[in-house]
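J.: Got a predicted structure plus its sequence, pasted below:
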Amino acid sequence: MKVNGVFEGGGVKGISLVGAVRAAEMSNVSFHNVAGTSSGSIVAALLATGYTAEEMKRIIQATSFSSFLRRAPIFNIKYIGPALRLFLKKGLYSGDALEQWVRGLLAAKNVRTFADLPPGKLRIIASDITNGKLLVLPDDIADYGIDPRRLEIAQAIRMSTSIPYFFDPVIIAHTNRMNYFKRRKKAVIRYTYVVDGGLLSNFPLWVFERDHAADPGSVCPVIGFQMVGRGDMKAHRIGGPISMFQAMFETMLSAHDERYIEQHNRIRTIKISTLGVSTTDFGMSRETSEKLYQSGVDSGLRFFRRWDRKTGTIRC
């Protein structure tokens, strides 16, 4: 059976989503269209381009995510370096290494832009903090004078994974024609800052609702893949402005979509325990990674054993 899948963001905990995808495969469930935020956008993109759960697991466990956190030596000077980089670049790390990693994975499947996928196959959530609005990519990139089909998927993921102050924001330069003195028009370059989609919607279960409204009979059931475990999380240790922001951001990611989920969508959400792992634990051990993956498998299998394929609900 085919479903539309929505994948929550959660940094390095994303391998737990891969485990739940494996459970779907084991239950003879495949994916029609997919969407995701932050690390969920990576899982969604790899699924859309033909990767299996086993392939994704091998890739993730073979990748040193700490290598994404390199920066010029001058920015490593204690106290001064990170503060200087934040002032100049708006982030502690560039995020370029992450984008290159994703680009290479997509290229291995002969995919580069959204034009290389069927229309609507992949949707990625990002946040435009300049104009204060949520972006559903690729379609919303048209607002900046860019052809959605020509947008690089790796760049869209780079936008969606740009944790504020941790990774540099993505800056989009675009022109607006403004009327001066009601007589002449002048092209004005504007700069828009785009960051992690989790800032506005970390678990976008709503993203396929427009499709359903347009043609209720032809739309696949929607299943959400959500990472939970706030009760098991260690208290945040706050020692300065950066650690305070990290604590605020992780709290926000885990809470702001919860009311929508609790009131309307519990029956179609796979809740995966993340064992108290932090979103930005880039030095996570292989053992912890394996436990997260298995947590996803177990949660997914429990869900699909109780899922009624005809009604799209969970059997009691």
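T.: Great, that's in hand. Numbering: from 1, shown residues only.
J.: any idea how far V222 is from the spatially most central residue of the chain?
T.: Geometric centre of the chain, nearest residue: S38, 2.0 Å, by Cα atoms, centre = their mean. Per Cβ to Cβ, to the nearest Å, S38 is found 19 Å from V222. Quick note: C-beta positions are derived from backbone N, CA and C, even for glycine.
J.: Next secondary structure after the worst-scoring helix or strand of the chain on mean pLDDT?
T.: Across the helices and strands of the chain, mean pLDDT, DSSP states H and E gives its lowest value to helix 258-260, namely a mean of 48. Moving toward the C-terminus from helix 258-260, the next helix or strand (DSSP states H and E) is strand 269-273.
J.: Tell me the gap between that following strand and the middle of its chain.
T.: Offset of strand 269-273 from its chain centre (Cα atoms, centre = their mean, to the nearest Å): 16 Å.
J.: for stretch 79-95, same thing?
T.: Counting by Cα atoms, centre = their mean, stretch 79-95 comes out at 23 Å from the chain centroid.
J.: Using PDB, write out the CA atom coordinates for it.
T.: Extracted in PDB, the C-alpha atoms of stretch 79-95 (Å, rounded to 0.1, in the frame of the first residue of the first chain):
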ATOM      1  CA  TYR A  79      35.600  32.800  23.300                       C
ATOM      2  CA  ILE A  80      36.600  35.400  20.700                       C
ATOM      3  CA  GLY A  81      36.500  33.100  17.600                       C
ATOM      4  CA  PRO A  82      33.000  31.800  17.900                       C
ATOM      5  CA  ALA A  83      31.600  35.200  18.900                       C
ATOM      6  CA  LEU A  84      33.400  36.800  15.900                       C
ATOM      7  CA  ARG A  85      32.000  34.200  13.500                       C
ATOM      8  CA  LEU A  86      28.500  34.700  14.900                       C
ATOM      9  CA  PHE A  87      28.800  38.400  14.400                       C
ATOM     10  CA  LEU A  88      30.200  38.100  10.800                       C
ATOM     11  CA  LYS A  89      28.400  35.000   9.500                       C
ATOM     12  CA  LYS A  90      25.300  34.700  11.800                       C
ATOM     13  CA  GLY A  91      26.200  31.100  12.600                       C
ATOM     14  CA  LEU A  92      28.900  29.000  14.500                       C
ATOM     15  CA  TYR A  93      29.300  26.800  11.400                       C
ATOM     16  CA  SER A  94      28.700  27.300   7.700                       C
ATOM     17  CA  GLY A  95      26.600  24.300   6.900                       C
END
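J.: Check which residues of that stretch are buried.
T.: Within stretch 79-95, the residues that count as buried by 16 or more other Cβ atoms under 10 Å are 81-82, 85-86, 89-95.
J.: So which of the residues you listed belong to strands?
T.: Among the buried residues of stretch 79-95, DSSP state E puts 91-93 in strands.
J.: need those in TSV with pLDDT and distance to L137, can you?
T.: Shown next, in TSV, are these (pLDDT from 0 to 100; distance: Cβ to Cβ, whole Å):
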residue	pLDDT	distance to L137
G91	84	20
L92	84	24
Y93	88	22
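J.: Looking at these, which is nearest A156?
T.: Closest approach to A156 among these (Cβ to Cβ): G91, at 17.9 Å.
J.: so who does the closest residue in space to that closest one that isn't next to it in sequence touch?
T.: Distances taken as Cβ to Cβ, 6 or more residues apart in numbering place D168 nearest to G91, at 3.7 Å, with adjacent residues excluded. Contacts for D168 (Cβ atoms under 8 Å, 6 or more residues apart in numbering) come out as 89-91, 93-95, 162.
J.: do A97 as well
T.: 67-68, 70.
J.: The helix or strand where it lies: how far from the chain's middle?
T.: Counting by DSSP H and E, the element that carries A97 is helix 96-107. On the basis of Cα atoms, centre = their mean, helix 96-107 sits 14 Å off its chain's mean C-alpha point.
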